[in-house]
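Provided below are the primary sequence and the corresponding predicted coordinates.
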Amino acid sequence: MDKAAVIARMNEHIPPCLQVLNGRVVDADPEAGECEIQFEVSRQFCHSVNVVQGGNVTVMLDAAMAHAAFAMDASIAALPSLEIKVSFLAPTLAGPARAVGKVIKLGRSTAFLEGTLINGDGEVSARSTSTAKLVRRK
């Protein structure tokens with residue numbers, strides 16, 4: 001499947017938790033195990049002073065990491081997180097943000113992933129690592 005088809009397939013199945021953050025896959029590299037999701041976050045997901053709540057930052061990172069694995073291997077049906085760590089480096093404000101996910105290692109039953117969130121000012125606002133269980137289609 002070519003890159004455009006992979007992106008289209010993933011955007012057809014964007015879950016509601018990403019739809020409310022106006023998320024859509026804008027780039028994917030199946031061979032490198034990378035995916036980029038663009039978001040347009042509204043103020044309803046912010047706490048004080050227009051800063052996006054940390055759980056929503058985690059959602060964006062988790063989605064990009066999982067979609068990187070989905071792009072790499074179409075046999076993956078689900079990718080539940082076993083562990084996720086997020087480091088918050090700068091504020092993410094309402095407005096545009098983009099999350100880049102990368103597969104570090106894809107095993108038979110476990111994936112090791114990392115993600116980067118870039119805020120509307122173009123600076124890295126959060127980084128993450130995750131270990132996830134691979135659930136494959138039968």
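Arrived safely.

Who are the contact partners of C17?
59, 63 (C-beta atoms under 8 Å, 6 or more residues apart in numbering). For every residue, glycine as well, the C-beta is placed using N, CA and C.

Try it again at 7 Å.
Neighbouring residues of C17 by C-beta atoms under 7 Å, 6 or more residues apart in numbering: V59.

which secondary structure element contains it?
helix 16-19 (DSSP states H and E).

Could you spell out the sheet neighbours of the next helix or strand after that helix, each with its direction?
Under the assignment DSSP H and E, the closest C-terminal helix or strand after helix 16-19 is strand 24-29. Here strand 24-29 is paired, per DSSP bridges, with strand 34-41 (antiparallel).

So for the partner strand, what gets flagged as buried?
Neighbour counts over strand 34-41 (16 or more other C-beta atoms under 10 Å) mark 34-37, 39, 41 as buried.

distance between that strand and the chain's centre?
In this view, strand 34-41 has its centroid 7 Å away from the chain centroid, taken as C-alpha atoms, centre = their mean, to the nearest Å.

Any chance you could give me that strand in CSV, C-alpha atoms only?
The C-alpha trace of strand 34-41 is given here as CSV (Å, rounded to 0.1, in the frame of the first residue of the first chain):
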residue,chain,number,x,y,z
GLU,A,34,6.7,7.3,11.5
CYS,A,35,3.4,9.2,11.5
GLU,A,36,2.4,12.8,11.9
ILE,A,37,-1.0,14.0,13.1
GLN,A,38,-2.1,17.6,12.9
PHE,A,39,-4.4,19.0,15.6
GLU,A,40,-6.4,22.1,16.0
VAL,A,41,-7.1,22.2,19.7
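
who's in contact with the very next helix or strand once past it?
Per DSSP H and E, strand 34-41 leads on to helix 54-72 as the next helix or strand towards the C-terminus. With contacts defined as C-beta under 7 Å, 6+ apart, helix 54-72 is touched by 6, 10, 17-18, 21, 23, 25, 28, 30, 33-37, 39, 41, 45, 76, 79, 81, 84, 86, 88, 92, 97, 99-103, 106, 111, 113-115, 117, 126, 128, 130, 132.
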